[in-house]
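In: return atomic coordinates for the entry below.
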Amino acid sequence: MDWNALKVFLAITESGSLTAAARKLKISQPTLSRKLGNLEQSLDSQLFQRLPRGLVLTEAGESIMQTVQQMENQALNVEKNLTGQNLRLEGNVRLTTTEFIGNFWVTEDLLSFREHYPGISVNLQVDMQVINLVRREADIAVRLGRPDQPDLIAKKLGTFVSYLGASKSYLKENGTPRVFEDLKDHYAIGYSPDMPQNIYTQKLYSHFHRENILFTSNSLNTTYEAINNGMGIGIIPDIAATKYPDIQYLLRDKHHLELEVWLVTHAEIQHSARIRALYDFLTENLSRRLKNIDSVRGT
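Out: Residues are numbered from 1 along each chain as shown. This next block holds a predicted model:
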């Protein structure tokens, strides 16, 4: 049964006339009359008797009055509880990020977030796959590239750049490539086939002999560790430079892959204090980190 139709029933009962009920509900009297007629037709019962002094409940109307009032009270309690929950700085927020940002930056910053918001629990999902925020698979996402769904709220936080890189120990033993043609004589650290890759990355790895790609992984952080441990040359972003000071970036004047970092959420942020708190916190902290990278890079 349509709850809106039952609200019409209650408004008429409390107001005693169609005119007063229409004014209370801020709808026209003909619309109110039509809604009442539809309700009576669906129940196959006349709910009001039209008298000169106004509308009076019939026996059928009296029989459902108490039940409808209970339904209204329950609906108001649900609304009150949800509103109170949304306004409180407590509860769970689901966050999804890329590997490096999630494993290092976010986990480093969350201690400060917990100090400011001890009642908010953060559920972090580190995943390179795009999580569907529209379907509420997460509340907030850090994405590489601008989202194309029009019903999401998105903010650009900054950019980072990825280059080829290798550990200093590897380069000391195997030499430093000066041009792309030199890569055919080097070992490569690659990605598993199930990892999302763009055409630029695929073209870059085409410079290596296929038999020299001796290690692949479905984890970005694992590839960074492999590069740092001297297993070969791979792609690594400049945001990882402070974590891996032994890695030397290669051919920087000949190639780079620039990616935008976006913070994305759904429209529910307008009504949820806990989601807004984490969204604003991440905006400030991640923007500052990316800005610091930009200043080091000289942009």
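
In: okay, CA-based contacts and neighbour counts for the rest of this
Out: OK.

In: residue 150: what secondary structure?
Out: coil (DSSP: H, G, I helix; E, B strand; the rest coil).

In: what's around it, how many residues?
Out: 7 (other Cα atoms under 10 Å).

In: how far away is it from residue 28?
Out: 34 Å (Cα to Cα, to the nearest Å).

In: could you do residue 89 as well?
Out: Distance from residue 89 to residue 28, by Cα to Cα: 40 Å.

In: more neighbours: the two, which one.
Out: residue 89 (20 against 13).

In: might you report the residue contacts of the more buried one?
Out: 117, 119, 120, 273, 274, 277 (Cα atoms under 8 Å, 6 or more residues apart in numbering).

In: residue 126 too?
Out: Residue 126 sits in contact with 96, 97, 98, 99, 102, 103, where contact means Cα under 8 Å, 6+ apart.

In: and the fifth one, which of the three is it?
Out: Pointing back at residue 102 there. helix.

In: local confidence estimate at the residue lying closest to it once chain neighbours are set aside?
Out: Spatially, and ignoring its direct neighbours in sequence, residue 102 is nearest to residue 126 (6.1 Å; Cα to Cα, 6 or more residues apart in numbering). According to the prediction, residue 126 has pLDDT 88.

In: what does residue 150 give?
Out: At residue 150, pLDDT is 72.

In: how close does it sit to residue 98?
Out: Taken as Cα to Cα, the span from residue 150 to residue 98 is 22 Å.

In: likewise for residue 61?
Out: Applying Cα to Cα, the value for residue 61 to residue 98 is 59 Å.

In: just the buried residues of the contacts of residue 126.
Out: Neighbour-count burial (16 or more other Cα atoms under 10 Å) is assigned, among these, to 96, 97, 98, 99, 102.

In: next step: those restricted to helices.
Out: residue 99 (DSSP state H).
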